[in-house]
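1. whatever this is, show me its structure:
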Amino acid sequence: ALKTHLPELEEDEHLGVHSVHLAGSQNGWERPDPKLGQKLILSRRTKLTLRVPKARAGEVQQRLQGTTLDLGGCALTIGKAKERLLSKQGTLFARYVTCEPEEDEMHFLQRAAEELAGLGITVRKALCGKTTPIHTPDGPIYTRSLMLADLGQEEAVRLQETGLGPGRDMGLGIFLPHKGIDAVNQAEDD
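-> Numbers count the residues shown, from 1 in each chain. Have a look, this model is predicted:
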């Protein structure tokens, strides 16, 4: 729906759409089943977050503000944007980074470290999660979560600017600041 108003979203890897993460079935709540035609209901406080280079923020905001998107028959009106700076925090987390369907943890981490080295980012500490399929009309895309720690400030900002792997337009490979294990008075963040 966003690509109708922002067609370059698919090709420009500097543009990204953060995924909206909703809880899974737990604590007595059953997640709706899309196979049964059931839909997840977002609260009015749910935020649509886009990753946009600072030089293009005003233009993108102007094009999208007040636009109503059709999301499978549900209307979503985009309100006024709030600009947020990228974090300089040294611990970053991506909920979804593309992987191969049968790729084991060690191969995934090695491949990620090689791609990050190409961006000038040294992996000091990394932890990945289990394989999670993202269902799309073209079939599943397999992903793993990835947490990186002990990044330098410049590395952290560069990784948030670029991301890792394909699929920024679907929320893949986008890194967010994550609580580190350092004492609060040692953490540096703007």
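
2. longest strand anywhere in the chain?
-> Counting by DSSP state E, the longest strand found in the chain is strand 139-149.

3. and the helix or strand following it, what does it pack onto?
-> The helix or strand immediately downstream of strand 139-149 is helix 153-162, counting by DSSP states H and E. Packing partners of helix 153-162 (3 or more Cβ pairs under 8 Å, 6 or more residues apart in numbering; DSSP states H and E): strand 92-98. Quick note: C-beta positions are derived from backbone N, CA and C, even for glycine.

4. so who does residue 172 touch?
-> Applying Cβ atoms under 8 Å, 6 or more residues apart in numbering, we find residue 172 in contact with 96, 97, 98, 134, 141, 143, 163, 165, 166.

5. could you give the number of residues near the third one?
-> Counted with other Cβ atoms under 10 Å, residues neighbouring residue 98 total 18.

6. wait, it sits on residue 140?
-> No. Using Cβ atoms under 8 Å, residue 98 makes no contact with residue 140, being 11.0 Å away.

7. and the strands in the protein, which stretches?
-> Going by DSSP E, the chain shows strands at 16-17, 50-51, 68-71, 74-77, 92-98, 125-128, 132-136, 139-149, 176-177.

8. what does the second one contact?
-> Put plainly, it is strand 50-51. For strand 50-51, the surrounding residues in contact (Cβ under 8 Å, 6+ apart) are 14, 15, 16, 17, 18, 60, 160, 163, 168, 174.
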